[in-house]
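# generate a structure from the sequence data that follows.
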Amino acid sequence: MKAPLENKKQFLDRSAVVNLVRKWGDTNADGILSPECQIFSDPHLEGLIGYRLEAGNAVVFGDPVCAEADKPKLAQAFQQYCRIRKIGVVYLIVSEEFANWAVQNLDSVLLEFAEKFVLNPLSNPVDHAGSKAGIVRNRVKRALREGALVQEYSGDNLTIEKAIQEVATTWQKERQGPQVYLADFTLFNDQLGKRWFYAKQGEKIVGIIMLNELQIHNGWHLNNVMITKDAPHGISELLVISTLQALAKEKCQSITIGPIPAEQLGKISGLSGFSETITRWIYQLAKRVFRLGGRDVFWKKFQPEIYPSYLLFTEKNLSYASIKSLLKALNAHV
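Here you go, the predicted structure:
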């Protein structure tokens, strides 16, 4: 007889969770490694599901964190675990492959709501032709003319760590208006599989990028470019291009950015025509309220490959309570 399924928060130690996230994770890494996240696993499978329990619903961050072949088994085990406890399930930022499986096997409502951008460091945008590449080149040159340079932080320097953390804290505080985000910044927690690049002007650090390792893609995840208000013009582009150049020397072929909210909802399944219309209207309202636009404009200058990301409400669990749980899991505040 199989051992009973467990919520493994108390059994998987932190290093095991971090290792699994680095091995199988994607754009869900920050959410799963946040202190508020709970961990589910099956003793017969290598992997985990990271979720936040909010308003009677488990909001899952991304696909099940495991081998592709094991995702259906782990998802079904988690669904059964939640069904027994009368907990609804919502999946946030899942891949197209998992979304299509869940529609057929978990009776899910599917919403295509975001995009994942992928850059190849071996195909640097500054070497491309066209207007977008020209904009990036000009902004990089401007930052360099203003005395900016980019370095990788190699560790063991508390002064630099403090300056980097101050940039992130200030950047987050200076973001105006309502916000949604997966997790608070913990730049130097769970350092296994992390890298940091920072931009300096003179002796002052004016911008940072943090990378999370994605072993399954033989690459890295880049979530935000954080800069100070007084940073030189073009510092964001210089940070991105310098990071790409550093990774190109290592033959890295994948930098993943996202999730980035789409201009409008794409594919929707599992809803009536009227409900679909209302859902699209609510999404546009949420985009305005939480100021979710703009990031795509910045990243599209780098000419990424673009992949869809989905929301899933399993067993048709689209309701006021599930929407409320989703907003809580995204730390939404007005």
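# from F78, how far out is the closest residue to F40 other than its chain neighbours?
Leaving aside its sequence neighbours, F40 sits nearest to I49 (CB to CB, 6 or more residues apart in numbering; 4.5 Å). Placement of C-beta: from N, CA and C, glycine included. Distance of I49 to F78, computed by CB to CB, to the nearest Å: 5 Å.
# more neighbours, the two?
I49 (32 against 26; other CB atoms under 10 Å).
# what does the helix or strand the more buried one falls within contact?
Using DSSP states H and E, I49 sits within strand 47-54. Strand 47-54 has contacts (CB atoms under 8 Å, 6 or more residues apart in numbering) with 8, 12, 17, 20-21, 24, 28, 31-33, 36-41, 58-62, 64-67, 70, 74-75, 78, 87, 324-326, 328-329.
# quick check: next helix or strand after that strand?
Toward the C-terminus from strand 47-54 - assigned by DSSP H and E - lies strand 57-61.
# give me the neighbour count for V297.
V297, neighbours per other CB under 10 Å, totals 9.
# roughly how far apart are it and F117?
Taken as CB to CB, the span from V297 to F117 is 12 Å.
# could you tell me which of the contacts of strand 47-54 count as buried?
8, 12, 17, 20-21, 24, 28, 31-33, 37, 39-41, 58-62, 64-66, 70, 74-75, 78, 87, 325-326, 328-329 (16 or more other CB atoms under 10 Å).
# strands - which of those land there?
Those of the buried ones among the contacts of strand 47-54 mapping onto strands are I39, F40, S41, A58, V59, V60, F61, V65, C66, per DSSP state E.
# quick one on the thing from earlier: off-centre distance for the strand holding I49?
Averaging C-alpha positions (CA atoms, centre = their mean, to the nearest Å) puts strand 47-54 15 Å from its chain's average.
# all further residue positions should be reported with the first residue as 45.
Taking 45 as the first residue, the last one we looked at is strand 91-98.
# neighbouring strands - and their directions - for that strand?
Within its sheet, and counting by DSSP bridges, strand 91-98 is paired with strand 82-85 (antiparallel), strand 101-105 (antiparallel), strand 109-110 (antiparallel).
# and the ones you listed: which comes nearest S152?
Among these, strand 101-105 comes nearest to S152, with 11.7 Å by CB to CB.
# using CSV, list the CA coordinates for the strand holding I93.
Only the C-alpha atoms of strand 91-98 are listed here, as CSV (Å, rounded to 0.1, in the frame of the first residue of the first chain):
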residue,chain,number,x,y,z
GLY,A,91,9.3,17.0,-7.1
LEU,A,92,7.0,19.4,-5.3
ILE,A,93,4.1,21.8,-5.7
GLY,A,94,4.5,25.2,-4.2
TYR,A,95,1.3,27.1,-3.2
ARG,A,96,-0.2,29.7,-0.9
LEU,A,97,-3.3,28.9,1.0
GLU,A,98,-5.6,31.9,0.8
